[in-house]
Each structure stands twice: as structure tokens, then as C-alpha cells.
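> with the input below, show me the fold.
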Amino acid sequence: MSGNERPCCFEFRRRVEFHETDLAGIVHFSNFYRYMETAEHAFLRSLGHSIHEQVGEAEIGWPRVRASCQFRRPVRYDDVLTIRLSIEEIRTRSVRYGFRFFVDPDDPPVAEGEVVTVCVRFGRHGIEPIPIPGPVRTGLEKARDAAGE
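From the prediction side, this is the model:
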């Protein structure tokens with residue numbers, strides 16, 4: 001499947017702000033990582049969850065353990081980015097998201113990224129990885145499965 005045809009679970013749009021560009025007028029690469037995180041947070045909210053929430057007795061969060069991005073074409077001030085999030089893999093304790101960035105949704109992606117997050121519990125003894133709680137896993141699986149239809 002081409003980058004335009006891969007199923008996505010969530011689509012998020014945002015306009016590029018002037019302060020996100022470098023001296024050449026191009027979006028600084030570091031902002032793509034922020035865009036991925038913002039899209040992930042909006043996706044989780046769309047499922048009724050948060051990046052940091054109470055689930056049963058556990059206060060959970062989702063730190064990143066890996067992030068990467070490949071840049072294919074420049075993006076400039078005032079461009080409207082369409083960010084398509086897909087769930088590439090759900091494991092016992094982690095989720096791997098894929099992100100595709102478009103200025104024109106009919107063209108190939110201008111960038112593609114990936115983020116791996118791990119579900120953790122915050123407690124008296126620090127942070128520990130835990131299995132993804134049932135309600136969160138159910139929401140993630142439903143979104144993934146619905147995108148594949």
C-alpha cells in the first residue's frame with residue numbers, strides 16, 4: 001500500500017506557526033516530534049483517555065522509549081499539515097504508532113514518523129511498566145480494527 005492508502009486511526013490538522021520555522025523558512029525538524037506527540041494526545045482524548053490518567057487504582061502514563069522521523073519534503077510557515085496516526089502494533093505493555101504528514105493529502109507524505117510508548121504506573125517506588133489496562137487496550141484495539149476495515 002502507498003503512504004496515502006495505509007489505514008489510519010486518527011487524523012489531526014494544524015497550521016504551521018512562524019516560530020516553528022528556521023532561518024530558511026522551513027519547519028525545524030524537532031517540531032515533527034512535537035506534532036506526533038500532539039496528534040497522539042488528541043487521539044487518546046478521542047478515545048476518552050489521556051496521556052496521564054487514573055485507571056482503577058493505578059495512575060498511568062505513556063513515556064516514549066523510541067521516536068524517529070524521516071523527512072521527505074520541506075514544510076513551510078502557514079502550510080496546513082494533515083497528520084495521520086496509525087497503530088502499527090499493540091503489545092502487552094507498549095504501543096507503536098505510525099505518523100504520516102501531508103500538506104496535500106493527494107500527494108505522497110512530506111514526512112513519516114514512528115513513536116513507541118510504554119504504559120507505566122506511577123507509584124511510591126517510582127515508575128514501573130505495567131500491562132495496558134483493559135479499558136485503554138479495548139479502545140486502542142477498536143480504533144486499530146476500525147481503521148483496517
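> every contact and neighbour count from this point should use C-alpha atoms.
Noted.
> tell me the bridge partners for Gly98.
Assessed by DSSP bridges, Gly98 has beta-bridge partners Ser86, Glu114.
> tell me, how many residues neighbour Trp62?
Neighbour count of Trp62, defined by other C-alpha atoms under 10 Å: 20.
> scratch that, Phe12 is what I was asking about
17.
> which residues touch the nearest residue to it once chain neighbours are set aside?
Spatial nearest neighbour of Phe12, excluding adjacent residues (C-alpha to C-alpha, 6 or more residues apart in numbering): Ile83 at 5.1 Å. Each residue near Ile83 by C-alpha atoms under 8 Å, 6 or more residues apart in numbering is listed here: 11-13, 35-36, 39, 99-102.
> could you point out which of those is nearest to Leu23?
Ranked by distance to Leu23 (C-alpha to C-alpha), those are led by Tyr35 at 19.9 Å.
> who touches that closest one in this structure?
Applying C-alpha under 8 Å, 6+ apart, the residues contacting Tyr35 are Ile83.
> could you measure from it over to Val115?
11 Å (C-alpha to C-alpha, to the nearest Å).
> mind exporting the C-alpha coordinates of the helix or strand hosting the residue nearest to Phe12 to CSV?
Secondary structure assignment for Ile83, by DSSP states H and E: strand 80-90. The C-alpha atoms that make up strand 80-90 are tabulated as CSV, following Å, rounded to 0.1, in the frame of the first residue of the first chain:
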residue,chain,number,x,y,z
VAL,A,80,-1.7,23.2,6.9
LEU,A,81,-0.4,19.8,7.9
THR,A,82,-2.6,16.8,8.0
ILE,A,83,-1.2,14.2,10.4
ARG,A,84,-2.5,10.7,10.1
LEU,A,85,-1.9,8.4,13.1
SER,A,86,-2.0,4.6,12.7
ILE,A,87,-1.5,1.9,15.3
GLU,A,88,1.3,-0.3,14.0
GLU,A,89,1.5,-2.6,17.0
ILE,A,90,-0.1,-3.2,20.4
